[in-house]
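[1] A predicted structure for the sequence below; I have some questions about it.
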Amino acid sequence: MSPLAHYVVETLVTLLAIVALAVLVLIGARRAGMGRAAGPLELVGRLPLDARRAVYLVRVGTTIYVVGASEAGIAKLGEVAAGSIEQPVEPARGESFREVLGRALGKKS
């Protein structure tokens, strides 16, 4: 085998080993709970305004904060009482898309 081919094979093996190690570290971190929400903080809603701007509703305890995020940073826009925002009704598990759409359009199945 030529020195160039040996170098290419050695480089590819090293690259594959580094990628495999990175994947194992990410899987281990996820199983350890890193990156998951903890405590009394909950994302209630998100409204993307464009690619770099969005408005978030964040519940902390019983208060919901309205937060704006952009390339300039994050800013508190206001706050509302938790009971003043209606939560969207999620379809029950096991319902098909057809049933949900029919109910939304007022058709009886």
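    Ah, there it is. Numbers count the residues shown, from 1 in each chain.

[2] per-residue confidence at A38?
    Turning to A38, the model gives it a pLDDT of 71.

[3] just the one 3 residues further on next, same as before
    With respect to pLDDT, L41 scores 85.

[4] what's the answer for A75, then?
    So, for A75, pLDDT stands at 94.

[5] what's the burial count for the closest residue to it other than its chain neighbours?
    Nearest-residue entry for A75: G68, 5.0 Å, with adjacent residues in sequence omitted and distances by CB to CB, 6 or more residues apart in numbering. For glycine as for every other residue, the C-beta is placed from the backbone atoms N, C-alpha and C. By other CB atoms under 10 Å, 17 other residues sit near G68.

[6] element containing G68, please.
    According to DSSP states H and E, G68 maps onto strand 63-70.

[7] Just give the strands next to the very next helix or strand once past that strand in its sheet, each with its orientation.
    Later in the chain than strand 63-70, the nearest helix or strand by DSSP H and E is strand 73-81. Strand pairing for strand 73-81, using DSSP bridges, gives strand 63-70 (antiparallel).

[8] Distance from the partner strand to the middle of the chain?
    16 Å (CA atoms, centre = their mean, to the nearest Å).
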